[in-house]
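A.B. asks: heads up, no residue letters with this:
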């Protein structure tokens, strides 16, 4: 059995642990977890495992469900709803990807505590009997920095465990996306090995 299979077996065990699902035994810490992985070798397999876990658990059968939020899909849905995709294309032609990043950050209020992505996640969680999975971190990079979302989410989503599947490394303090780009310090999450 390879290491990724073993890690997902451990994750299944945690998901079935009622103490884990109710954030017990954390010494008043948030139930936020980072599941780092090597995007180059494991991205497709991680997506398969996540899809399997999301479909496996249900409130009626297991007493909880997994709610997945793909950050890339959320951003694209908001861009479509607000109908500013054509404007982004012209901004990219004139200013490059940096201009697109700035425009999306401004439009979604990403530098604010009350931003569109966090509000979307907050609106679509029941805040009990569920585990939140954050995916799409690598897909949305560099438009969105994951530590910013975690920092703001912790103010709104503190009753249920949250697991961010992170394509890179996490040493318990800092996130390095794709093991190359330092994504800033975030030390309030537990690493899932």
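C.D. replies: Nice, thanks for sending it over. Because the structure is predicted, anything quoted here is derived from the model rather than measured.

A.B. asks: which of the residues in stretch 96-107 are buried?
C.D. replies: Neighbour-count burial for stretch 96-107 flags 100-101, 103-105, 107 (criterion: 16 or more other CB atoms under 10 Å). C-beta coordinates here come from the backbone N, C-alpha and C atoms, glycine included.

A.B. asks: want to try TSV for those, with distance to residue 166 as columns?
C.D. replies: Formatted as TSV, the buried residues of stretch 96-107 follow (distance: CB to CB, whole Å):
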residue	distance to residue 166
100	23
101	20
103	25
104	21
105	20
107	25
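
A.B. asks: now, those residues that are in helices?
C.D. replies: Judged by DSSP state H, helices contain the following of the buried residues of stretch 96-107: 100-101, 103-105, 107.

A.B. asks: quick check: which ranges of this structure have low pLDDT?
C.D. replies: Scanning the chain for pLDDT under 70 picks out the ranges 1, 26, 28, 183-187.

A.B. asks: centroid-nearest residue for it?
C.D. replies: Nearest residue to the geometric centre of the chain (CA atoms, centre = their mean): residue 134, 2.5 Å.

A.B. asks: chain neighbours aside, what residue packs nearest to that one?
C.D. replies: residue 164 (4.2 Å; CB to CB, 6 or more residues apart in numbering).
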